[in-house]
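Engineer: Provided below for reference: sequence and predicted model.
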Amino acid sequence: MLIRIIQIIALACLFSGCMQTRQIVKPPLAGDGELFLYCEPLPQDAGRLQFSVESVSAVREDGMEVPLTPGFKDFSLAEVQRQRLFAGGILPPGRYKGITVKLKSALLTGEEGKGRLLVPEQAYESKAMFTVFNGKATVVTMELRYREAMSDEISFRPVFTATVPPVPLPELTGYMTNRADNTITVFDKRSARIGAMIETGKGPAGIALDQVRMLAYVAMTGEDTVGVIDVRDNSFIDRIRLTPGDAPCFMAITPDAKLAVTANNRSNTASIIDLQSRVEVARLPVGIGAEFVLMDRNGRRAYVFNRLSNSITVIDLASRIVAGTLQTESGPLYGQFSRKGDRLFIYHDMSPNILVVTLDGQNITRRINAGIGVRSLKVNTATDQIYSGTGFGGIIDIYDPFTLMAVDFLNADGGVGYMTIDGDENNLLVIHPRNRLLRFINLIAKKDRGLMDTGAEPYDVVIFGER
């Protein structure tokens, strides 16, 4: 019996969700700012070129150089076919005039094989005009000017054009939380390109979007708050205070965006928040290990998933009381409603089954054996098909809504975290937490439409036009 308990605890630690024991990688910025340096895809002309970077720095107007931390160092056309996060770092506020890159080596492939190119002994500075603000993030993209970098075929200089990218139009914008980086990635959902970064504070996790009032709300696990973001200019404008020790992990808002519900992991409670006054108006006890919360289609009930209690707490929002409890199998992590909203699909941490629960009688009517390791579930409300992804491997299974049998699959090339669907582009957006990637898969062609780098521990993603 003791061995069995130890095994369960070990597995729980291995597959734990929001509140897995971890250290926040990056402390709050305090009086500094932050720079995120992205590299544009290398031009086709650079197909024969390979080079390795030794160091990267940002240069202030007064000439002071601030070292950056490279995200990768080896460049080739195969490795840089898309926009990639090249380097970043904490910088003093102020105006900057350039980015310096010191090369380690460079190679050029010719008819007789690879030949070594001459590289500058000192770091080469490319002009880059940008400003770093106190407590905020700045994004700069760099594009290799190949013809100038290769003025002859015996030497290579890292000549780049640096620009601040445009913020995408609101209807094309997506937001992704990066828990260990204390940031939100703002991206163009059509082109899968970076638009901006938002500094948040400690541990941004679940995020919800009010598309009418142009506001986003993010559960700040490390601060016991809910952050408020004005998405018109991507500014962090307010914090809604919860009780110290709550550690809100996930949140959902009603369709009219008047109320929000947070799953508070450490205090085993759920908070009901009036979003107009931005205050907590009710606080209810739920099960142990509350991690996720779903809102029904009409905004009348919220469902809080209690991973360590093997239950789901049902909250009536009109009366602000606990209306009931659904018993599940071991370790309920998350779920999705069917297209009509009459069925709830639940996946688990410690069970191979996806439960199918009818909401009228709150009865388990079916068990889908999806195997151990399911980490994400998404119902396509256009077809009612169910997409199921595991935390390992690279396959997303597609289940028929009538037979509830796997009838197809998508290749994802990596463990799957959170998933959502872009109703405008008909793309499935897939977070790969371990690889720090966000993948865009077209549901008609069943092919990748884009791939972009995330920050550390990507957790949740929302977009305009979400299905």
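Structural biologist: Perfect, I can see it now.
Engineer: low-confidence ranges in this protein?
Structural biologist: 1-17, 19-25 (pLDDT under 70).
Engineer: the longest strand in it is where?
Structural biologist: strand 94-110 (DSSP state E).
Engineer: pairing partners for whatever helix or strand comes next after that one, with directions?
Structural biologist: Downstream of strand 94-110, the next assigned helix or strand under DSSP states H and E is strand 113-116. When pairs are called by DSSP bridges, strand 113-116 turns out to pair with strand 94-110 (antiparallel).
Engineer: so where does the nearest residue in space to Asn435 that is not next to it in sequence fall, helix or strand?
Structural biologist: Counting by C-beta to C-beta, 6 or more residues apart in numbering, Asn435 lies nearest to Gly414, which is 4.8 Å off, once chain neighbours are set aside. For the C-beta atoms, the positions are set from N, CA and C on the backbone; glycine is no exception. Gly414 belongs to no helix or strand when assigned by DSSP H and E.
Engineer: list the buried ones in the longest strand of the chain?
Structural biologist: For strand 94-110, burial by neighbour count (16 or more other C-beta atoms under 10 Å) applies to 96, 98-103, 106-108.
Engineer: relative to Ile184, which of the residues you listed is nearest.
Structural biologist: Nearest to Ile184 among these, counting by C-beta to C-beta, is Tyr96 at 22.8 Å.
Engineer: any idea how far the closest one is from Gly89?
Structural biologist: Distance from Tyr96 to Gly89, counting by C-beta to C-beta, to the nearest Å: 12 Å.
Engineer: likewise Val379?
Structural biologist: Taking C-beta to C-beta, one finds Val379 at 41 Å from Gly89.
Engineer: quick one: which of those two has more around it?
Structural biologist: Neighbours per residue, other C-beta atoms under 10 Å: of Val379 and Gly89, the larger number sits with Val379, 22 against 18.
Engineer: which residues does that one bridge with?
Structural biologist: Ile386.
Engineer: circling back to that earlier point, could I get the buried residues of strand 94-110 as a markdown table with distance to Leu172?
Structural biologist: Converted to a markdown table, the buried residues of strand 94-110 look like this (distance: C-beta to C-beta, whole Å):
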| residue | distance to Leu172 |
| --- | --- |
| Tyr96 | 28 |
| Gly98 | 31 |
| Ile99 | 28 |
| Thr100 | 33 |
| Val101 | 31 |
| Lys102 | 37 |
| Leu103 | 36 |
| Ala106 | 37 |
| Leu107 | 39 |
| Leu108 | 39 |
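Engineer: count of neighbours near Cys324?
Structural biologist: For the record, residue 324 is Gly, not Cys. 12.
Engineer: what are the phi and psi angles of it?
Structural biologist: For Gly324, the backbone dihedrals (degrees, to the nearest 10) come out as phi 170, psi 180.
Engineer: which residue packs closest to it, ignoring adjacent ones?
Structural biologist: Leaving aside its sequence neighbours, Gly324 sits nearest to Val314 (C-beta to C-beta, 6+ apart; 4.5 Å).
Engineer: that neighbour and Tyr303 touch, don't they?
Structural biologist: Yes - Val314 is in contact with Tyr303 according to C-beta atoms under 8 Å; the separation is 5.9 Å.
Engineer: Gly47 - that's part of a strand, no?
Structural biologist: No - per DSSP: H, G, I helix; E, B strand; the rest coil, Gly47 lies outside any strand segment and is helix.
Engineer: ok, it to Ile321 distance?
Structural biologist: 65 Å.
Engineer: is Val304 bridged to anything, and to what?
Structural biologist: Val293, Thr313.
Engineer: Gly174 too?
Structural biologist: Judged by DSSP bridges, the bridge partners of Gly174 are Phe187, Ile463.
Engineer: and it, how many neighbours?
Structural biologist: Neighbours of Gly174 under the rule other C-beta under 10 Å: 26.
Engineer: list the contacts of the closest residue to Thr381 other than its chain neighbours.
Structural biologist: With sequence-adjacent residues excluded and distances taken as C-beta to C-beta, 6+ apart, Thr381 is closest to Arg339, at 4.7 Å. Going by C-beta atoms under 8 Å, 6 or more residues apart in numbering, Arg339 touches 379, 381-382, 384, 401.
Engineer: swap in Ala270?
Structural biologist: So Ala270 contacts 261-264, 283-284, 286, 290, 293, 302, 304, 313, 315 (C-beta under 8 Å, 6+ apart).
Engineer: same question, Tyr124
Structural biologist: Tyr124 neighbours (C-beta under 8 Å, 6+ apart): 100-103, 157-159.
Engineer: could you work out the most separated pair of those residues?
Structural biologist: Lys102 and Val159 (13.6 Å).
Engineer: for the stretch 1-150 of the chain, which segments count as strands?
Structural biologist: Remark: strands assigned in the stretch 1-150 of the chain by DSSP state E, counting those that start in this stretch are 33-39, 49-60, 65-70, 74-76, 84-91, 94-110, 113-116, 124-132, 137-144.
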